[in-house]
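**Student:** sequence and predicted structure are below.
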Amino acid sequence: MKKEYWYVLIAYIVMQLSSLVGVPLIALIGAAMGKSLNEMQTLAIPYWLVTSFSLTLLIILLILRKERNINADLREASSPASSAAWAFAGVFLALFAQSIAGSIESMLGIEMGSENTQEIIKLIERFPVVILVSSIIGPILEEIVFRKIIFGSLHKKMNFFLAALISSVIFALAHMEPEHVILYSAMGFTFAFLYVKTKRIIVPIIAHVTMNTMVVLLQSVFREDIERMIKEAEKIQSFIGGF
């Protein structure tokens, strides 16, 4: 693995652990400036999330700045039109894979729904700026780390299935929800396939960003509208069933 890739992995791991120091630090700084400590303890989490993720993305892009000058990869990559089509199709492939994985988990008795996702949705509802992390910066970092670096490095030494399996399981475990390892791994497989198919990391990035954004919009912004539509549909069904 290239030394630049090791730097990227280190930066990503440090970012994941940084909240242990960063969140209390921001809370203390805010309190020292006259803010309420309880208020700052609440604000520190979204502040640090946005700051740490943004800085890490900037650092990683700087580390990988020479990657854009490798013409060999570009010659092997799909055309812009084909890449755009795969990025669009990738959203539906990921949703399809997610639905199958969800069905498998349900048959195994695993409770549906992700606590991690629900916590993020609650945070977004209180601090909308967090959507930058969940829907844009986070997916970009994950695709660079788990697909371009981890999967890409493994795929040079082994076949697609093994490389995708190992990288997808690591991707799943990184979400700290081992009970949903099948769900996250299915998504990891899909994004790995998109990367191999097009040879462009931007393709799984677009698919991942789009899917996360859709989930956030459906579960937060349009949640009340969807719940109302479901209730109206249930009323209509009950009315029809009365005949």
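**Tutor:** Looks like it arrived, so ask away. Since the model is a prediction, treat every value here as computed from it, not as a measurement.
**Student:** low-confidence stretches in this protein?
**Tutor:** Scanning the chain with the threshold set as pLDDT under 70 gives 68-75, 113, 220-243.
**Student:** kindly state the domain boundaries assigned to it.
**Tutor:** With domains defined by automatic domain parsing, the chain comprises 1-69, 81-243.
**Student:** for these, which one ends up most surrounded?
**Tutor:** Stretch with highest mean neighbour count among the domains of the chain: domain 81-243 (a mean of 17; mean count of other CB atoms under 10 Å). Using the backbone N, CA and C atoms, a C-beta is placed for each residue, glycine as well.
**Student:** which helix is the longest one in this structure?
**Tutor:** Secondary structure of the chain per DSSP state H: the longest helix is helix 3-32.
**Student:** same for that one, what does it pack against?
**Tutor:** Helix 3-32 sits against helix 37-63, with contacts defined as 3 or more CB pairs under 8 Å, 6 or more residues apart in numbering; DSSP states H and E.
**Student:** between helix 3-32 and the helix it packs on, find me the angle.
**Tutor:** For helix 37-63 against helix 3-32, the angle by axes from the mean of the first three to the mean of the last three CA atoms, to 10 degrees is 160 degrees.
**Student:** how distant is helix 37-63 from the center of its chain?
**Tutor:** In terms of CA atoms, centre = their mean, to the nearest Å, the centre of helix 37-63 is found 16 Å from the chain centre.
**Student:** how far away is Ser19 from Lys197?
**Tutor:** Applying CB to CB, to the nearest Å, the value for Ser19 to Lys197 is 35 Å.
**Student:** quick one: secondary structure of the residue most central in space within the chain?
**Tutor:** Nearest to the mean C-alpha position of the chain, counting by CA atoms, centre = their mean, stands Pro139 at 4.0 Å. Following DSSP: H, G, I helix; E, B strand; the rest coil, we place Pro139 in the helix state.
**Student:** quick one: it from Val21, how far?
**Tutor:** Taken as CB to CB, the span from Pro139 to Val21 is 25 Å.
**Student:** phi and psi next, for Gly156.
**Tutor:** That one is not Gly; residue 156 is Lys. Torsion angles at Lys156 (phi, psi; degrees, to the nearest 10) stand at phi -70, psi -20.
**Student:** for it, which residues are in contact?
**Tutor:** By CB atoms under 8 Å, 6 or more residues apart in numbering, the contact set of Lys156 is empty.
**Student:** could you pull up the residues touching Gly34?
**Tutor:** Neighbour list for Gly34: empty [criterion: CB under 8 Å, 6+ apart].
**Student:** is it in a helix, a strand, or coil?
**Tutor:** coil.
**Student:** helices of this protein, start to end?
**Tutor:** Here the chain has its helices, by DSSP H, at 3-32, 37-63, 71-76, 80-107, 115-126, 131-132, 138-142, 152-155, 160-173, 181-198, 202-216, 223-241.
**Student:** hmm, Ser82 is touching Thr198, no?
**Tutor:** Yes - counting by CB atoms under 8 Å, Ser82 touches Thr198, with 6.9 Å between them.
**Student:** what do those two both touch?
**Tutor:** Common neighbours of Ser82 and Thr198 (CB under 8 Å, 6+ apart) do not exist.
**Student:** so Leu17 versus Trp48, what's the distance?
**Tutor:** 12 Å.
**Student:** now do the contacts for the residue lying closest to Thr198 once chain neighbours are set aside.
**Tutor:** Closest residue to Thr198 apart from its sequence neighbours, by CB to CB, 6 or more residues apart in numbering: Ser78 at 4.1 Å. Each residue near Ser78 by CB under 8 Å, 6+ apart is listed here: 86, 197-200, 203.
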